[in-house]
Structure formats: C-alpha cells, structure tokens
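*Asks:* Need coordinates for the below:
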Amino acid sequence: GSDSDRRLYYRYSSAENSHIARADAIQKLTDDLTLSLGYTFKDFGDVEGGREVGTQRKTGYSEMDWDAKLEYFVNENAYWVLAHQGVDIDDAWRTHKTTYGIDWEGLSVGSELHRILDQNRDLTYLQYHQYNGDGLAKEIHAGLSYHRQSEERNRLRTRNRHDIQGVDIDTSGAFLSLKSESPVGALIYGAEFYHDEVDSFKNTLNSDGSVASSAIQGPVGDDATYDSFGAYLQDEVAVTDPLSVILGARYEYAQADVGSVEDPVTGNEVSVAGDWDALVGSARMLYSLNEKKTSNAFGGISQGFRAPNLSDLTRLDSARTDEIETPSPELDPEHFVSYELGIRRGSPNQSAQLTCFYIAIDGMIVRTPTGRVIDGDYEVTKRNGGDGYVQGVEFEARRRLLRQLDLFGTF
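*Replies:* Residues are numbered from 1 along each chain as shown. The predicted structure follows:
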C-alpha cells in the first residue's frame, strides 16, 4: 500500500461548547521501519445544564496530547515498538466547593474562591512482540516503561487563605509474558514489576505568593516508594473433546515505604511501611453440549486480591463534599472469590446467553466516618469494613430479522 497515511479529525459539541481536533500521520521510513505521530487539542467550554441549571461556570478546561511511535519489524512474526505519550491538562476547576457551585436539588454553593487543578502525564515504553515462534515459546511479549505523573491543586479559600498542593509520581516498570505448547496444555506465563517514587507537598502562601509554611505531606505521603511484583501461570487443557479447562495461579507482592506522613490524631510526622502478598488461583471450564459446539455450558471459580495502595494508606485530602480523608496506615488487603455458571447457544441468525454469578467480598477497603470535624469538614478514613457479596443474573439475546436488521437486548 501507500508509504504514508495522514488524517485530520474534528469534533464540536454544543452541550459544553467543546472543540476537539486531532492530526496524525503514519510514515513508512524503510521497508522495516514505520513512524507514527499524533497531536490532539481539546478545549471544553462550560457545561450547559437543564432549564433550571443553565451554564455551570468554570467547568471548562483545555488539554493538549501528543504521541509518537516507532515500529521496527524484524520479520513478519516479530517487531519492536518504541513509543511516547504526553498529556497536559490546564486549569481544570473543581467547582462544587467554590462560589461557582450550584444549589440545584440539594446541592449547595461552596465558599472557596477558586480550586484549580493542572495535570501532566508522560509515558515512554519499549516493547518486543513475537508470534509463531519455533522454539520453546510460541509467543513472547516483553517491555520496559517509564511513566511520570504530576498533579497540582491551587486553592484560594479566602483572600488571605491560599494554598498549593501537589504530587509527582515516577514509575518504572517491566513485564515478560510467554506462551508455549506443552504435553499438559497451552501455557501462558510471565511476570511484571513496577516501582513508584512519590513526592507530595502542600504549601500555605502569603498574600504576595511567597511560601508561608510547608505541611508534612501533600494529598498522599511524601518521600514514598511503592513496589509491586506479580508472577502468573495459566494452563488451558482439552480434557475431552467436549470439555476444556483453564487453570490459573498468580502470586502478588506489594511493599510500601513512606517517609513523611501526618498523624491524623497528633499532627506529628510519622513514617508508614508495610508489605503484603498472596497466592490466588482460578479454575474455569467450557463444555460443549452438541457436536457442532453451538451450545456450551461454562463456569468458574476465581480468587482476587488487592493490596492497599499509597492513597489508601496515607491520603490527606478532600474527599466528597464537606469531607476530608485522613491516613489509614493499618489497612489489610482486600480478598474476593467469584463464582460463575452459565449457558450459551448461538448460530449465525440467533444467539442467547444466561449467566449467574456470586462474588464473596472479604475486607474491602471503604471510606468510614470517624465522627471528628476538621476545619469544618467531616473526617473519613479507610477501613477494611466492606464484608459482603454481590450476586446477580444476566441474560442477553440477539436475533437476525432481516439481512441488515438485528434485534437484540439484555436483562
């Protein structure tokens, strides 16, 4: 085909008077090397509410994004990718606590003069992908990445109460995933590792913009690191002609080390550290109910695990309206067990599927009021208080009425 491809895209929406424009280009530099470039500009105006709301002032903001990707094809089954993505968001207001809030249907106008957020994000990664290999691994997927995120909040509460807080996060990561055929089935296995370095600040400003004082931490703990490691193995086995089984296991390890956290009771500087690990598994099956395999029964049991993250452990920031969340350094991980059973029948002209599921929840991390009031806001903190379950039934069906007309629905 052509050695280059260029496109322009534009979208306008009257509801918030927004403009989104994107330009991208793909250029074939050599037979084996391709370069892709893209730039996106977004300008969101103030949202227009219904008849009794009208224009919601200060809800508009702008965003600029760009991306570049270089692909080198070793052969028809293997290639390298070097890519970068950048995002820049400016002057995104959080209006509900400011004088620009609205008082519709139980909402209330806030007292702050402004609360403005800026965000930047840059991601660079190098990846290698191989398919149809003739060695031990039929597929190889590997990558290295570096991700930098920066967010800043500028808040003017009154003419003489002004503060700026923010957080910078640098994340280095690596992953390796392999697929192999073996006497015990099709194996997918691999590992991944991510290392976060976090700096967080909050400065109170004088009327001339100079720093009057600095807090122990910003929205999360300062001088922090967070490491996560995972290793997994999945085996797909054809037990008999109608029955196939997928067995999987994953080991997860997480470690947090935070140098500066403000104790919510004493206000003193403390450190927080912890590590958590778990081995979780899953077993799923698919059973064909007829020779053409157009009717199938399926089911499975899967365990889930989530370690508390840095925000769960050390957040000191506004939550919902009139709430402030304080650090919770003693949290335990969340655990889940999911059960699923279902049946599916399909053909070119019609299909239907019925599924029943049940998820047991142990120690889910939820925000909980403490009863304290801090500077006019109600204190909430994270606790492992979310024991319970989710259960349900899902049904979906589709039928072709005419060559170009389908009727479908879900329940």
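*Asks:* Would you confirm that Asp317 contacts Gly221?
*Replies:* No. Contact criterion Cβ atoms under 8 Å: Asp317 and Gly221 do not qualify, at 11.4 Å. From N, CA and C alone the C-beta is placed, and that goes for glycine too.
*Asks:* Comparing those two, which residue is more hemmed in?
*Replies:* Gly221 (31 against 19; other Cβ atoms under 10 Å).
*Asks:* List the residues that contact the more buried one.
*Replies:* Going by Cβ atoms under 8 Å, 6 or more residues apart in numbering, Gly221 touches 198, 200, 258-261, 272, 310, 313-314, 327.
*Asks:* Backbone dihedrals for it, please?
*Replies:* The phi/psi pair for Gly221 (degrees, to the nearest 10) reads phi -60, psi 150.
*Asks:* For Asn309, see how far away it is.
*Replies:* Between Gly221 and Asn309 the computed distance is 11 Å (Cβ to Cβ, to the nearest Å).
*Asks:* Find me the pLDDT at Glu197, would you?
*Replies:* At Glu197, the predicted lDDT confidence score is 98.
*Asks:* Same question for Asp24.
*Replies:* Here the pLDDT value assigned to Asp24 is 96.
*Asks:* in the sheet, who's paired with it?
*Replies:* Beta-bridge partners of Asp24, counted by DSSP bridges, are Arg7, Gly38.
*Asks:* in the chain, what residue sits furthest out from the centroid?
*Replies:* Using Cα atoms, centre = their mean, the residue of the chain lying farthest from its centre is Glu291. It sits 41.3 Å away.
*Asks:* A strand includes that residue, no?
*Replies:* No. With DSSP: H, G, I helix; E, B strand; the rest coil as the criterion, Glu291 is located in coil rather than a strand.
*Asks:* Phi first, then psi, for it.
*Replies:* Phi and psi for Glu291, reported as degrees, to the nearest 10, are phi -70, psi -30.
*Asks:* Kindly report the same for Leu316.
*Replies:* Dihedral angles of Leu316 (phi, psi; degrees, to the nearest 10) stand at phi -140, psi 90.
*Asks:* same thing with Leu289?
*Replies:* Main-chain torsions, Leu289, degrees, to the nearest 10: phi -90, psi -10.
*Asks:* Identify the residue spatially nearest to Gly190, adjacent ones excluded.
*Replies:* Among residues not flanking Gly190 along the chain, Ser177 sits closest, at 3.6 Å (Cβ to Cβ, 6 or more residues apart in numbering).
*Asks:* Arg6 now?
*Replies:* Spatial nearest neighbour of Arg6, chain neighbours left out: Ala25 (4.5 Å); criterion: Cβ to Cβ, 6+ apart.
*Asks:* Ala352 too?
*Replies:* The shortest distance from Ala352 to any non-neighbouring residue, by Cβ to Cβ, 6+ apart, is to Ala397 (4.2 Å).
*Asks:* Who are the contact partners of the one you found?
*Replies:* Contact analysis of Ala397 by Cβ under 8 Å, 6+ apart lists 350-353, 408-409.
*Asks:* how deep is the nearest residue to Thr158 once chain neighbours are set aside tucked in, by neighbour count?
*Replies:* Using Cβ to Cβ, 6+ apart and skipping residues adjacent in sequence, the residue nearest Thr158 is Leu113, 7.1 Å away. By the criterion of other Cβ under 10 Å, Leu113 has 15 neighbours.
*Asks:* Touching, Leu113 and Gly101? I think so.
*Replies:* No. Leu113 is beyond contact range of Gly101, at 11.8 Å (criterion: Cβ under 8 Å).
*Asks:* who's in contact with Tyr358?
*Replies:* Neighbour list for Tyr358: 338-339, 389-391 [criterion: Cβ under 8 Å, 6+ apart].
*Asks:* And for Lys382?
*Replies:* 308, 312-313, 315, 325, 328, 331, 365-368.
*Asks:* Give me the most central residue, the chain.
*Replies:* Asn309 (12.8 Å).
*Asks:* Pull the contacting residues for that residue.
*Replies:* Neighbouring residues of Asn309 by Cβ under 8 Å, 6+ apart: 226, 256.
*Asks:* Which per-residue confidence value corresponds to it?
*Replies:* Asn309 carries a pLDDT score of 95 in this model.
*Asks:* quick one, phi/psi of it?
*Replies:* Backbone torsions for Asn309, taken as degrees, to the nearest 10, come to phi -90, psi -180.
*Asks:* related to what we said a few turns ago, quick check on the contacts of Lys382: which are buried?
*Replies:* Among the contacts of Lys382, those buried by neighbour count (16 or more other Cβ atoms under 10 Å) are 308, 312-313, 315, 325, 328, 331, 365, 367.
*Asks:* hey, which helix or strand in the chain has the poorest pLDDT?
*Replies:* When the helices and strands of the chain are scored by mean pLDDT, DSSP states H and E, strand 317-318 comes last with a mean of 83.
*Asks:* And the helix or strand immediately after it in the chain, what does it pack against?
*Replies:* Once the chain leaves strand 317-318, the next helix or strand it forms, by DSSP states H and E, is strand 323-326. Applying 3 or more Cβ pairs under 8 Å, 6 or more residues apart in numbering; DSSP states H and E, we find strand 323-326 packed against strand 317-318, strand 350-374, strand 377-402.
*Asks:* Name the strands paired with the longest one and say parallel or antiparallel.
*Replies:* The strands beside strand 377-402 in its sheet (DSSP bridges) come out as strand 323-326 (parallel), strand 350-374 (antiparallel), strand 405-410 (antiparallel).
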